[in-house]
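Colleague: Starting from these lines, generate the structure:
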Amino acid sequence: MLRPVLMILAMIFLPLQLFAATRSVPATDGALLSAIAGASPGDVLLLQPGRHQGPVLLDKPITVDGGNAAVLDGNETGSVITITGSDITIRGLEIVGSGSSHETIDSGIQLQREAARILIENNRIIGNLYGIDIHGAKNTTVRTNTIVGRRDHRMNSRGNGIYVWNAPGTLVADNDIRYGRDGIFVNTSNRGIFRDNLMRDLRFAVHYMYAHDSEISGNVSVGNHLGFALMYSNRITVRNNMSLADRDQGLMLNYTNNADLVGNLVRGTGDKCLFIYNAHRNLIGDNRFEGCGIGIHFTAGSEKNALTGNAFVGNQTQVKYVGTRDVEWSFDSRGNFWSDHPAFDLDGNGIADSRFRPNDLMDHILWSQPAAGMLLGSPAVQLIRWSQAHFPATLPGGVLDSFPLMEPIEIAVPETITSLEKVARANPVWLRERTENVSDPLASH
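Modeller: Numbers count the residues shown, from 1 in each chain. Reported below is the predicted structural model:
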């Protein structure tokens, strides 16, 4: 009885194997549209070098391969490639010429909600309003693409490099994204993985909204306005990312809960390395916050966060926390490294022999009354600070590290990334372009 069933199944799938073929498509008017219309499931359309006319619709399981020599031009009409089918691969193309409508999200490649199991790899997606729009499609992989957005509008009027909406199972890896608005914008989409992407000269490198149970790891943000804006998201892993020479903030947690923020490097951000706003029960460990205006700005009643193993190195203000009660920043007898802590370790256990408070009463006064900064060098201020150092009972509530570390965590930066950081620091794009204040409004808190 089993044998007839197997024979029937074999006959069902036999046509796909028999008729799938590699078909060469010349760079002539109408040739690609005709090839797509006549393609059988499983076919590979190999585009010859030259310019092919779009836009095109892909609604069947085929591969479109540009061989790294073909250009697909959408003629500034809608999205260059629209995908409604499943099991489709797009590789080796240069994709240009989308329309300019935000209402229809005109993109280099647009995946609609019927699409599933799409692979987009090794393409150059240049000068489109949006690079790739994954709009409701499931289990999409986007890897090793170069996406260069537009520069012809103010930053907030451009589109995103990769826009992910309600697209569970998305993998975005090893892409190089530059210009446009946000590098990767994820909205209302769970169980995604975003790793090892390089993002430069943008508003936000990664902009996360309502994206739960997902991973952001190994990404590099260089010379953007803000590195990683992670908002209204629960149970996310943020590991081994870098924010280098970003203008305003490196990392921001806004209403982000039960996250693991581990092994990240933020260096040389003008304002804040890390901004925590109303974010609860997060593990913030083994990160390095270096050379920022403020190491961590901690506000809006954020509760039950564990901070351990972090290095605060050379920030103008290590911590900004305005509160009336003590908040312990150590976990399991392991605190953080503070470059301005004059510490001793007589027993050689790697833990400083004295506790550390990064802020005193004068810090609180300066945060609430900035004009008091004119008095910083006065004898009265020096007397207050001397008194607090010798009589701890006079200190206000605030961050307390009972087990400060003697050595900072070191995070290596590849030389290629260091070179990009130096360029972004010396001549940032945001100084030269038409732009506007794109910082998050929470920065004023």
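
Colleague: Work out for me the element residue 430 sits within.
Modeller: Assigned by DSSP states H and E, residue 430 falls within helix 429-432.

Colleague: Any idea how far that helix is from the middle of the chain?
Modeller: When distances are taken as Cα atoms, centre = their mean, to the nearest Å, helix 429-432 is centred 20 Å away from the chain's centroid.

Colleague: Residue ranges in the stretch 1-150 of the chain under the pLDDT threshold?
Modeller: 1-19 (pLDDT under 70).

Colleague: elements contacting the helix holding residue 430?
Modeller: Contact here means 3 or more Cβ pairs under 8 Å, 6 or more residues apart in numbering; DSSP states H and E; on that basis helix 429-432 packs against no helix or strand. All C-beta atoms are positioned from the backbone trio N, CA, C, and that covers glycine.

Colleague: where do the helices sit along this protein?
Modeller: Applying DSSP state H to the chain gives helices spanning 2-19, 31-38, 361-368, 379-390, 415-426, 429-432.

Colleague: buried sites along the helix holding residue 430?
Modeller: 429-430 (16 or more other Cβ atoms under 10 Å).

Colleague: Now for residue 236, how many residues are close by?
Modeller: Burial of residue 236 is recorded as 25 neighbouring residues (other Cβ atoms under 10 Å).

Colleague: Spit out the contact partners of the nearest residue to it once chain neighbours are set aside.
Modeller: In space, and not counting its chain neighbours, residue 236 is closest to residue 259: 4.8 Å by Cβ to Cβ, 6 or more residues apart in numbering. The contact partners of residue 259, taken as Cβ atoms under 8 Å, 6 or more residues apart in numbering, are 230, 233-238, 253, 279, 282-283.

Colleague: Tabulate the residues you listed in JSON lines, adding columns for pLDDT.
Modeller: Output for the contacts of residue 259, formatted as JSON lines (pLDDT from 0 to 100):
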{"residue": "230", "pLDDT": "97"}
{"residue": "233", "pLDDT": "96"}
{"residue": "234", "pLDDT": "96"}
{"residue": "235", "pLDDT": "97"}
{"residue": "236", "pLDDT": "97"}
{"residue": "237", "pLDDT": "98"}
{"residue": "238", "pLDDT": "98"}
{"residue": "253", "pLDDT": "95"}
{"residue": "279", "pLDDT": "93"}
{"residue": "282", "pLDDT": "96"}
{"residue": "283", "pLDDT": "97"}
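
Colleague: Write the ChimeraX selection for whichever of the residues you listed are buried.
Modeller: Buried members of the contacts of residue 259, defined by 16+ other Cβ under 10 Å, are picked up in ChimeraX with:
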select :230,233,234,236,237,238,253,279,282,283
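
Colleague: Tell me the one among the contacts of residue 259 nearest to residue 411.
Modeller: residue 238 (14.1 Å; Cβ to Cβ).

Colleague: What's opposite that closest one in the beta bridge?
Modeller: Judged by DSSP bridges, the bridge partners of residue 238 are residue 216, residue 261.

Colleague: And for the one 5 residues further on?
Modeller: Residue 243 forms beta bridges with residue 221, residue 266, as assigned by DSSP bridges.

Colleague: Tell me who's in contact with it.
Modeller: Listed by Cβ under 8 Å, 6+ apart, the contact partners of residue 243 are 205, 221, 227-228, 250-251, 264-267, 269, 273.

Colleague: could you redo the last one with a cut-off of 7 Å?
Modeller: The contact partners of residue 243, taken as Cβ atoms under 7 Å, 6 or more residues apart in numbering, are 221, 227-228, 250-251, 266, 269.

Colleague: List the contacts of the nearest residue to residue 254 once chain neighbours are set aside.
Modeller: In this structure, residue 254 finds its nearest non-sequential neighbour in residue 231, 4.3 Å apart by Cβ to Cβ, 6+ apart. Listed by Cβ under 7 Å, 6+ apart, the contact set of residue 231 reads 208-209, 254-256.

Colleague: Now for the contacts of residue 243: which two are most distant?
Modeller: Using Cβ to Cβ, the pair of these lying farthest apart is 228 and 269, separated by 11.3 Å.

Colleague: picking that back up, from the contacts of residue 231, which land in strands?
Modeller: 208-209, 254 (DSSP state E).

Colleague: Which one of those is nearest to residue 193?
Modeller: Distances from residue 193 to the ones in strands among the contacts of residue 231, taken as Cβ to Cβ, are shortest for residue 208 (12.8 Å).

Colleague: Check whether the closest one really touches residue 232, as I assumed.
Modeller: No - the pair residue 208 and residue 232 does not pass the contact test of Cβ atoms under 7 Å, sitting 8.1 Å apart.

Colleague: More neighbours: these two, which one.
Modeller: Legend: neighbour count by other Cβ under 10 Å for residue 208 and residue 232, higher for residue 208 (30 against 15).

Colleague: Looking at the residue nearest to residue 236 now. What's its pLDDT?
Modeller: You'll see residue 259 listed with a pLDDT of 97.

Colleague: Give me the contact list for the helix holding residue 430.
Modeller: Contacts for helix 429-432 (Cβ under 7 Å, 6+ apart): 201, 223, 225, 247.

Colleague: what is the rounded mean pLDDT of it?
Modeller: Mean pLDDT, helix 429-432: 75.

Colleague: Can I get that helix in CSV? Just the C-alpha atoms.
Modeller: Output of helix 429-432 as CSV, limited to C-alpha atoms (Å, rounded to 0.1, in the frame of the first residue of the first chain):
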residue,chain,number,x,y,z
VAL,A,429,28.7,63.7,7.7
TRP,A,430,26.0,65.3,9.9
LEU,A,431,28.0,68.5,10.0
ARG,A,432,28.0,68.8,6.2
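
Colleague: List the buried residues in stretch 174-185.
Modeller: 175-185.

Colleague: then that stretch to CSV, C-alphas only?
Modeller: Taking C-alpha atoms only, stretch 174-185 is exported to CSV below (Å, rounded to 0.1, in the frame of the first residue of the first chain):
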residue,chain,number,x,y,z
ASP,A,174,26.5,41.0,7.3
ASN,A,175,25.0,44.0,5.4
ASP,A,176,26.7,47.3,4.8
ILE,A,177,24.1,50.1,5.2
ARG,A,178,24.8,53.8,4.6
TYR,A,179,22.8,57.0,4.3
GLY,A,180,19.0,57.3,4.3
ARG,A,181,17.1,57.6,7.6
ASP,A,182,17.5,54.5,9.9
GLY,A,183,19.8,51.6,9.0
ILE,A,184,17.4,48.9,10.3
PHE,A,185,13.9,49.9,11.6
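
Colleague: give me the beta-bridge partners of residue 23?
Modeller: Applying DSSP bridges, one finds that residue 23 bridges with residue 45.

Colleague: Correct me if wrong: it contacts residue 42.
Modeller: No - the pair residue 23 / residue 42 is not scored as a contact, 11.2 Å apart, by Cβ under 7 Å.
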